[in-house]
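1. I need the structure of the sequence given here:
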Amino acid sequence: MERKVDVLEEKIEASLSSSSTAAIDSISLGLARKVHEAGMEWSYRDKLIMAPMVRISSLPMRMLAYSYGADICYSEEMIDRKIIKTIRKIDPITGRIEYHLPAGGITFATYPNEPVVMQLGTADAVLALKAAQTVCNDVRAIDINMGCPKHFSLQGGMGAALLSKPELVHDILSTLTRNLTIPVTCKIRLLEKHDDTMRLVKAAESAGIAAIAIHARHIADRPRNPARISDVPAVISQLTVPSIYNGDVFYYDDIARVKKQTGCSSVMIARGAQWNPSVFRSAGMLPVYDVCNDYIAMSTRVGNVYANSKYAILEMLKGHVGPVPQYQSCTGARDFGQLRAAVKGVADVAAVLTRGYVAPLAASLIAEMERKRLRTSSSGDRSSITSDSNDMNGASGTATTSSIVTSTRGEKRKRRRQKKKDKRTQRTHTKFLRIESKTETKSASNTADKRSPASPTVNGVDTLSSSSSASAMTTAATTTATPATTLPTTLLASIDS
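-> Residues are numbered from 1 along each chain as shown. Prediction:
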């Protein structure tokens, strides 16, 4: 076995050397070993898959997921026209393959033999084929995004806009399967009517695809809405190709549960991997702070753009500790060194507040928080908000942890905006009083017969303006005195695949 792997690695090194590559990073050799041990046969059965996520599924996150146990990783959605314009380059030191935009910047990077699936955003069969042919030698498969409900996808006829067009879906997929030598798949969402969903999947299946991924939500559903897992078995049972389930998988134990419940061939994890990519470990998840350090090390190793790495770190952290000052220090970090130090600060304060244990976000916690938020908002009883928050977090052991978990950045922004609004109101009122004062002085010097009858005055002061001024002062005082209501909200990332 070891000899076969060595021979495989020697072949990879030789092929890269023939392409003017001076050396090869050990990451490539590790991927070669992983592919070889998997039997070199590409399959969508019994696989753990990391989902395509905007700004998350970049090279360092994929590499980290492989190290934790993921079998396949999808890239973030790549728009067909953007990929067509790229220029392929090979890093002479590491052997990393990069696709550069003409104006500068890397839009996609990978290593030889990485088991990555590129997800394309497209609404045209010809453009989809051109984009796929641009990268087909460096990826293991092509996936067509048919599930993204974001406006930028819908307005271009991409993503979820394709769900209502089974003829176009068949045209795009059949064009790719006829002209490519690598597998082609698609990722969809459930439609409102079961018959419409079946019409779509049958159109995709007849195009010759290798597998189909099903996100168990409707187009209108958002991450806070629970996955419609009970609707999936009726779809999967009628498929002849491997099926991939996606939706509300947060723990490794959830994988066996959803496979048994749906009958799917493989499981895809999105938010669970975004919050803690060690979710793929059969031995259990690692502390998120250790994962953050691993991610920073991987980012520096593969040469990832700092802004992208920082975004991924913040997404991992914010669901675990909330907007504590140490988290804010992460947002101000300007390089990997500062980011690593800031992560350590967050880890230290979290360890104190939660007595050494930081509970990762899970479906049960999210559902409980949502139920309590709806209950407290409908009752309008502010005292119950504090009580519910403490009850919900009783297991963590401290009321301080409760306030951290239930507070959100959105609420803090709302309070800051209200404070700025109050200051603007006060400045406007002060300016108004100055103008009134000048007007009063000027009015006093005029004769009484020159005053407007429509604007009665008392002692030289315009009574209408004075009443308006008093009204404005009352409004400003009322606005300032009214505290912002803090409601517990779900700590969810806005990612839809």
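
2. Quick one: the strands in the stretch 1-150 of the chain, in order.
-> Taking DSSP state E, counting those that start in this stretch, the strands of the stretch 1-150 of the chain run over residues 48-50, 72-74, 78-79, 87-90, 97-100, 106-110, 116-121, 141-146.

3. Let me have the ones you listed in JSON lines, extended by mean neighbour count and distance to Arg189.
-> The C-beta positions use only the backbone N, C-alpha and C, and glycine is treated the same way. Listed next are the strands of the stretch 1-150 of the chain as JSON lines, based on neighbours: other CB atoms under 10 Å; distance: least, CB to CB, whole Å:
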{"stretch": "strand 48-50", "mean neighbour count": "26", "distance to Arg189": "17"}
{"stretch": "strand 72-74", "mean neighbour count": "26", "distance to Arg189": "15"}
{"stretch": "strand 78-79", "mean neighbour count": "20", "distance to Arg189": "19"}
{"stretch": "strand 87-90", "mean neighbour count": "13", "distance to Arg189": "32"}
{"stretch": "strand 97-100", "mean neighbour count": "19", "distance to Arg189": "28"}
{"stretch": "strand 106-110", "mean neighbour count": "21", "distance to Arg189": "24"}
{"stretch": "strand 116-121", "mean neighbour count": "26", "distance to Arg189": "14"}
{"stretch": "strand 141-146", "mean neighbour count": "26", "distance to Arg189": "8"}
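
4. Dump those strands into TSV; add distance to Val343 as well.
-> As requested, the strands of the stretch 1-150 of the chain are arranged in TSV below (distance: least, CB to CB, whole Å):
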stretch	distance to Val343
strand 48-50	22
strand 72-74	23
strand 78-79	29
strand 87-90	32
strand 97-100	27
strand 106-110	24
strand 116-121	27
strand 141-146	32
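
5. Now render the ones you listed as TSV, adding distance to Met63 and mean pLDDT.
-> What follows is the strands of the stretch 1-150 of the chain, written out as TSV (distance: least, CB to CB, whole Å; pLDDT from 0 to 100):
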stretch	distance to Met63	mean pLDDT
strand 48-50	11	97
strand 72-74	9	97
strand 78-79	18	96
strand 87-90	18	96
strand 97-100	14	96
strand 106-110	10	96
strand 116-121	10	97
strand 141-146	18	97
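
6. Stretch 331-342: which residues count as buried?
-> Ala333, Phe336, Leu339, Arg340, Ala342 (16 or more other CB atoms under 10 Å).

7. right, I mislabeled it, should have said stretch 294-312
-> Asp294, Tyr295, Ile296, Met298, Ser299, Val302, Asn304, Asn308, Ser309, Lys310, Ala312.

8. Give me the average confidence score over that stretch.
-> Mean pLDDT, computed over stretch 294-312, is 94.

9. distance between the ends of that stretch?
-> 12 Å (CA to CA, to the nearest Å).

10. List of residues touching it?
-> Residues outside stretch 294-312 that contact it (CB atoms under 8 Å, 6 or more residues apart in numbering): 25, 27, 55-56, 58-61, 63-64, 67, 91, 94, 96, 106, 109, 274, 277, 313, 316, 330, 333, 335-336, 339-340, 343.

11. Keep only those of these that are in helices.
-> Under the assignment DSSP state H, the contacts of stretch 294-312 contribute 27, 59-61, 63-64, 67, 274, 313, 316, 330, 336, 339-340, 343 to helices.

12. contacting residues around stretch 69-77?
-> Outside stretch 69-77, the residues that reach it (CB under 8 Å, 6+ apart) are 38, 44, 47-58, 61-62, 65-66, 108, 114-121, 139-140, 143, 145, 148, 153, 159, 268, 273, 277, 280-282.

13. Span of stretch 180-198 from start to end?
-> Stretch 180-198 end-to-end distance (CA to CA) = 26 Å.

14. May I see the buried residues of it?
-> Ile182, Pro183, Val184, Thr185, Cys186, Lys187, Ile188, Arg189, Leu190, Leu191, Thr197.

15. burial count for Gly410?
-> Look at Gly410: counted by other CB atoms under 10 Å, it has 10 neighbours.

16. thought Ile236 was touching Lys259?
-> No - using CB atoms under 8 Å, Ile236 is not in contact with Lys259, being 10.5 Å away.

17. more neighbours, the two?
-> When Ile236 and Lys259 are compared for neighbours, Ile236 comes out ahead with 18 against 15, by other CB under 10 Å.
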